[in-house]
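Engineer: sequence first, predicted coordinates after that:
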Amino acid sequence: MGMSEKIKIALIKRKTTITQLSNKIGTSSQNLSNKLRQDNFREKELKEIAEALICDFEGVFTMKDTGEKI
């Protein structure tokens, strides 16, 4: 499972849109959509996304409130 798929799952679980996430991390929704399509993220970006989605990033997303790993 690629990081894009994991991010999309976390978005669904957090009931958050790409637009809402892009606003939280300070980028455009088009830029974020392109990165998701290409599955091309730097570790720094993944950490920012995890923080915005209230997750820990360890190469996987761990839901802080449930402990579930994505």
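Structural biologist: Structure received.
Engineer: rest of the way, CA atoms for contacts and neighbours
Structural biologist: OK.
Engineer: what residues of the lowest-mean-pLDDT helix or strand in the chain count as buried?
Structural biologist: Lowest on mean pLDDT, DSSP states H and E among the helices and strands of the chain sits strand 61-63, with a mean of 86. For strand 61-63, burial by neighbour count (16 or more other C-alpha atoms under 10 Å) applies to 61-63.
Engineer: quick check: closest non-adjacent residue to Arg37.
Structural biologist: Ser4 (7.3 Å; C-alpha to C-alpha, 6 or more residues apart in numbering).
Engineer: how close does the one you found get to Ile12?
Structural biologist: Distance of Ser4 to Ile12, computed by C-alpha to C-alpha, to the nearest Å: 12 Å.
Engineer: mind checking how far Phe57 is from Asp39?
Structural biologist: 16 Å.
Engineer: neighbour count winner among the two?
Structural biologist: Phe57 (17 against 13; other C-alpha atoms under 10 Å).
Engineer: would you map the helices across the chain?
Structural biologist: 3-13, 18-25, 29-38, 43-52 (DSSP state H).
Engineer: nearest residue to the middle of this structure?
Structural biologist: Geometric centre of the chain, nearest residue: Ile7, 3.8 Å, by C-alpha atoms, centre = their mean.
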